[in-house]
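Engineer: Pasted the sequence and its predicted model underneath.
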Amino acid sequence: MDKTYQPNAIEQQWYQTWEENGYFKPSGDTEADPYCIMIPPPNVTGSLHMGHGFQESIMDALIRYHRMLGDNTLWQVGTDHAGIATQMVVERLLGAEGVSRHDLGRDKFIEKVWEWKRESGGTITRQLRRLGASPDWSRERFTMDDGFYQAVQEVFIRLYEDGLIYRGKRLVNWDPKLHTAISDLEVLNEEEQGHLWHFRYPLSDGSGHLVVATTRPETMLGDTAVAVHPEDERYRHLIGKTIRLPLAERDIPIIGDDYVDREFGTGCVKITPAHDFNDYEMGQRHNLELINILDADANLNDAVPEKYLGMERFAARKQVVDDLDALGLLEKIEPHTLKVPRGDRSGVVIEPWLTDQWYVKTQPLAEDAIKAVEDGQVNFVPKSYENMYFSWMRDIQDWCISRQLWWGHRIPAWYDDAGNVYVGRSEKEIREKHSLDDDLSLRQDDDVLDTWFSSGLWTFGTLGWPEETPELKAFHPSSVLVTGFDIIFFWVARMMMLTLYFKKEVPFHTVYVHGLVRDNHGQKMSKSKGNVIDPIDLIDGIDLESLVKKRTTGLMRPKDAPKIEKQTRKDFPEGFAPFGTDALRYTYYSLAATGRDIKFDVGRIEGFRNFCNKIWNASRYVLQNCDGQDCAQDGSEDFELSLADRWIISQLQKTEKAVREAMDSYRFDLASQALYDFIWQEYCSWYLELSKPVLWDDSASAAVKKGTRRTLIRVLETTLRLAHPLMPFITEEIWQRVKTLARKSGDTIMLQPYPAPNEHKIDTDAEAAVAWLKEVIEGVRNIRGEMNISPAKKIPLLLRGGSDTDRQLLEQTRNLLTKLASLESITCLKQGEPAPASATALAGDLELLVPMAGLIDVEAESARLKKEIDKLEKELVRVQVKLSNPKFVDKAPAEVVAKEKDKLTEMQSAQMRLKQQLQALDNL
RNA sequence: AGACCCGUAGCUCAGUUGGUUAGAGCGCUGCCUUGACAUGGCAGAGGUCAGCGGUUCAAGUCCGCUCGGGUCUACCA
């Protein structure tokens, strides 16, 4: 083995082996428990970001864990066709050649999209492989696959037939750039600086005017009322009168509605029902006319005076203001901060716009979806996210599912010239069903379905539904959904509704909600902020110049480049070293606590790369000492387990238990911590050191040496299996080298059984003995460290006081103690025997004395003792106060009181000994 | 405006139903190339657990308020 761990030398090769050998497929063992995770399908246009890396790493850990537990395990993988995003990507590519999608026509364009998908749609799945993800690639699905397409059509038709889908003219969020409706969730409301314009609206009878305030002057051309609060003393007498709307020269009514906030602005509101959601509601209440003044580009249409016809909306705004000003009707302009709705893909201001769209009636679906969570059929982890789910579900709006795009699931609805709608699987089916004449012309709806409509069917659509496939039977409902909280509304809610309706069962039993990965400053990672980290760069490494270049090219605002460059150079002066996949994954796990934000500190990944190196080198040591040697793996019993052997075996059982518990409760941070401590602290720092005096001692018995080798190799092999779900590559690489010595057969660690703790191997005697040994060694090391005695210098140790147990333990561990504390000799002082001037440490009642002759500075030692005495004093006072409080003694449980009393006597005795030592030093 | 989350060492974070002297990693200080590992070893410094009040024999942990930070939902025309 190389002296240092080189991740790039092992990772890709193992991945290929695993995939080629089909290790990722379900075992197919129908006796075993099924375990199934459906990947939240990444956007086919996407490339892997830190959030994906985090999420996929978690899923892979769960999958590998359950596969090793022997479950029939399926990780279903696939991608999402991402209607808008994909269409935009392909349009941009065509645009570079000067071709628009309209030049091509719908069919040709869709062909182009498929072409793009075949060539470039695999980026993210290739990157997933770099992470070591182990989904069943042979079952990979795409939301536009034929089978899936059928399922989507089927769902639409059945919902329509059941009266849960309808078509209606409503206000939708219209993206004037992309020319499609988008959902509320795709609209970002950000605060922006704007103005509040106050206009005078003259009363029709010439008796005066009202002042209305607006942030969108151009919409006044579509006003159909002015509203005031019905109890507003200032205006209530005007209700029922009319306003002569300037510019448009129409008469519109003044209405009373308690939606109006008397305190805001002037207390008079212009009402534009066709261009504002609230005004629309009010229009419905008061039967107001809807005047649509915008076309699909958000330019003014022919419903406005000719002067404004065809004007762009912001130009029209300026014109309207100027014209009203010229008429003397502009009262004032105030600066005003308002939330501006923008499309999350296009970035342009979204218009509420009146269109015909398809809707899902969500309320009946939501009821069952709420009940499933209330009844505990679906559990959220952490539980607090259930509130978020409930609050969304209980206030759910009908879901607009049509999109004015070409790329997507085309809506299976046809129209005749009379405007009748027919929904069915094909034109042919519709003609038959409705006995339509062949010469009656039908045209299919041009729109496609919201991408989330299809991803809502993901859990069962990927398993072959509507056919009752064996996979559907075995793996649905899936076991757990792993997702970010930002997607609960988008996706979780929709899967719940659609799956419950069509499968009559929940889509998954558990929803594990993880936090969002942010940068080390807590900022969301985004291209425009220039703080994105590509997980692949952490795996392979990247130099600073390439990183700067990557972050500063293709910016939406190129002027940000210098700032981004400066910050990048400051944060990562060396770029990234190649840390490898296992270190990256381990970092993710260590951060996977229950919080909402996961601040990714690159500093941590280096620590875990070092951890990998530690495992690597510990394995080298084990192999050096075991290779070609008898490790008692042939069933022989002529070996003897030492105290240290029994101790590490005992600790291993506890670690196995802790790791399993953590994995079962989705606490990957705790699992990674437990493993890290065991491997580094206990196995490497202590056990390997304890094995050296045995293996290198010529006088040690063959049986004990054999027992030590047996323990070295067995504990290592078990630990590798325990760690495999978290760090698949390094564990496989090392396992292949130790498996023969450990008498394991099998081609891969992936399919080995997961370690299970054995209570009979918990050895409290050995634990107590090693705890004692550690305490004594640490006492001596403390003196050595504080007194700056070279580790190479062998020193004598005198022991005073202590119990028979101490003396027994000493004899059991004398050899280990001598080696590990680097001692020249160990001498027990007899009762009353005078000790030379010494530095002191305590191990319980036992005094550890290191004679000072030439080694130790008296002043430094007395300072050290004083510090120790003071520390004890503080705690002593605390405990004394506690014990002298009768309430505590009376009310606290007896064992708590006893514990405090023991503590007190122990500390008093310790302090007394230290004081005596201090006295002795002072007497010198 | 409503709801939720967070505030623990210089930094990033653990701390299960209240009960040893509040832990880890990174960083920092000192010593050390000792036969797995300097991507290392040993030792050490560093915390009024945001603040105030309450419940309790006992609060980082439970309750209330304040301050600070964040997220989501709704929204003021």
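Structural biologist: Now that the structure is in, tell me what you want to look at.
Engineer: which ones are touching A:Thr719?
Structural biologist: By CB atoms under 8 Å, 6 or more residues apart in numbering, A:Thr719 lies in contact with A:Leu652, A:Leu675, A:Phe678, A:Ile679, A:Tyr683. The way it works is simple: take the backbone N, C-alpha and C, and place the C-beta from them, glycine included.
Engineer: Just the buried positions in the longest strand anywhere in chain A, please.
Structural biologist: When chain A is parsed with DSSP state E, its longest strand is strand A:187-202. Using 16 or more other CB atoms under 10 Å as the test for burial, strand A:187-202 gives A:His195, A:Leu196, A:Trp197, A:His198, A:Phe199, A:Arg200, A:Tyr201, A:Pro202.
Engineer: hang on, the first one packs against A:Ala213?
Structural biologist: What that stands for is A:His195. No. Assessed by CB atoms under 8 Å, A:His195 is found out of contact with A:Ala213, at 10.0 Å.
Engineer: still on that earlier bit, kindly identify which of the contacts of A:Thr719 also come near RNA strand B.
Structural biologist: With CB under 7 Å from any atom of the strand as the criterion, the contacts of A:Thr719 include none near RNA strand B.
Engineer: is the lengthiest helix in chain A anywhere near RNA strand B?
Structural biologist: Assignment by DSSP state H gives helix A:894-922 as the longest helix of chain A. Yes. Applying CB under 7 Å from any atom of the strand, one finds helix A:894-922 in contact with RNA strand B at A:Val896, A:Lys899, A:Lys903, A:Met907.
Engineer: Could you pull up the residues touching the second one?
Structural biologist: With contact taken as CB under 8 Å, 6+ apart, A:Lys899 is in contact with no other residue.
Engineer: Quickly note the distance from it to A:Leu722.
Structural biologist: Separation of A:Lys899 from A:Leu722 (CB to CB, to the nearest Å): 34 Å.
Engineer: Quick one: name the residues of the stretch 651-800 of chain A near RNA strand B.
Structural biologist: A:669-670, A:673, A:676, A:680, A:684-685, A:688-689, A:692, A:696, A:778, A:781-782, A:784-786, A:788, A:790-792.
Engineer: Also the stretch 251-400 of chain A?
Structural biologist: Contacts of the stretch 251-400 of chain A with RNA strand B, taken as CB under 7 Å from any atom of the strand, map to A:259-262, A:264-270, A:276-278, A:336, A:338-339, A:384, A:387-388, A:391, A:395.
Engineer: just the stretch 501-650 of chain A next, same as before
Structural biologist: Residues of the stretch 501-650 of chain A lying close to RNA strand B by CB under 7 Å from any atom of the strand are A:520, A:522, A:524, A:591, A:593-599, A:601, A:603-604, A:606-607, A:609-610, A:612-614, A:617-618, A:620-621, A:624.
Engineer: And these, which of them are buried?
Structural biologist: A:Leu591, A:Ile598, A:Arg604, A:Arg609, A:Cys612, A:Asn613, A:Lys614, A:Asn617, A:Ala618, A:Arg620, A:Tyr621.
Engineer: for the closest residue to the first one other than its chain neighbours, helix, strand, or coil?
Structural biologist: Using CB to CB, 6 or more residues apart in numbering and skipping the chain neighbours, the partner closest in space to A:Leu591 is A:Ile598 (4.9 Å). Using DSSP: H, G, I helix; E, B strand; the rest coil as the criterion, the local structure at A:Ile598 reads strand.
Engineer: Who are the contact partners of A:Ile598?
Structural biologist: Counting by CB under 8 Å, 6+ apart, A:Ile598 makes contact with A:Phe54, A:His514, A:Gly515, A:Leu516, A:Val517, A:Arg518, A:Leu591, A:Ala592.
Engineer: Relative to RNA strand B, which of those is nearest.
Structural biologist: A:Leu591 (6.5 Å; CB to the nearest atom of the strand).
Engineer: The closest one and A:Phe600 touch, don't they?
Structural biologist: Yes. Using CB under 8 Å, A:Leu591 is in contact with A:Phe600, at 6.9 Å.
Engineer: which residues does the residue in the stretch 101-250 of chain A positioned nearest to RNA strand B contact?
Structural biologist: In the stretch 101-250 of chain A, the residue that lies nearest RNA strand B is A:Thr214 (3.4 Å; CB to the nearest atom of the strand). By CB under 8 Å, 6+ apart, the residues touching A:Thr214 are A:Leu196, A:Trp197, A:Phe199, A:Met220, A:Lys270.
Engineer: Go again with 10 Å.
Structural biologist: A:195-199, A:220, A:223, A:265, A:269-270, A:272, A:276, A:317, A:320 (CB atoms under 10 Å, 6 or more residues apart in numbering).
Engineer: Would you map the helices across the stretch 51-200 of chain A?
Structural biologist: Counting by DSSP state H, counting those that start in this stretch, the segments of the stretch 51-200 of chain A that form helices are A:83-96, A:101-104, A:106-120, A:123-130, A:146-161.
Engineer: Could you dump these into CSV and include distance to RNA strand B and mean pLDDT?
Structural biologist: Converted to CSV, the helices of the stretch 51-200 of chain A look like this (distance: least, CB to the nearest atom of the strand, whole Å; pLDDT from 0 to 100):
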stretch, distance to RNA strand B, mean pLDDT
helix A:83-96, 18, 89
helix A:101-104, 30, 90
helix A:106-120, 29, 92
helix A:123-130, 19, 93
helix A:146-161, 23, 93
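Engineer: May I see the ones you listed organised as JSON lines, with mean neighbour count added?
Structural biologist: Supplementary listing: the helices of the stretch 51-200 of chain A in JSON lines, determined by neighbours: other CB atoms under 10 Å:
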{"stretch": "helix A:83-96", "mean neighbour count": "18"}
{"stretch": "helix A:101-104", "mean neighbour count": "14"}
{"stretch": "helix A:106-120", "mean neighbour count": "15"}
{"stretch": "helix A:123-130", "mean neighbour count": "18"}
{"stretch": "helix A:146-161", "mean neighbour count": "18"}
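Engineer: For stretch A:913-924, buried residues please.
Structural biologist: By 16+ other CB under 10 Å, the buried positions in stretch A:913-924 come out as A:Arg913, A:Leu914, A:Gln917, A:Leu918, A:Ala920, A:Leu921.
Engineer: out of these, who's nearest A:Arg345?
Structural biologist: Nearest to A:Arg345 among the buried residues of stretch A:913-924, counting by CB to CB, is A:Leu914 at 70.6 Å.
Engineer: mind listing what that closest one touches?
Structural biologist: Applying CB under 10 Å, 6+ apart to A:Leu914 gives the contacts A:Thr840, A:Ala841, A:Leu842, A:Glu847, A:Arg864, A:Leu865, A:Lys866, A:Glu868, A:Ile869, A:Lys871, A:Leu872.
Engineer: Enumerate every residue touching the fifth one.
Structural biologist: Remark: with contacts taken as CB under 10 Å, 6+ apart, A:Arg864 is in contact with A:Asn782, A:Ile783, A:Glu786, A:Met787, A:Ala839, A:Thr840, A:Ala841, A:Ile856, A:Asp857, A:Leu914, A:Leu918.
Engineer: Could you check how far stretch A:252-272 is from the centre of its chain?
Structural biologist: Put simply, stretch A:252-272 sits 45 Å off its chain's centre (CA atoms, centre = their mean, to the nearest Å).
Engineer: likewise stretch A:662-682?
Structural biologist: Mean-position distance between stretch A:662-682 and its chain equals 18 Å (CA atoms, centre = their mean).
Engineer: The stretch 301-450 of chain A: strands as residue ranges?
Structural biologist: A:330-343, A:351-360, A:379-381, A:399-400, A:402-403, A:413-416, A:421-423, A:442-444, A:448-449 (DSSP state E, counting those that start in this stretch).
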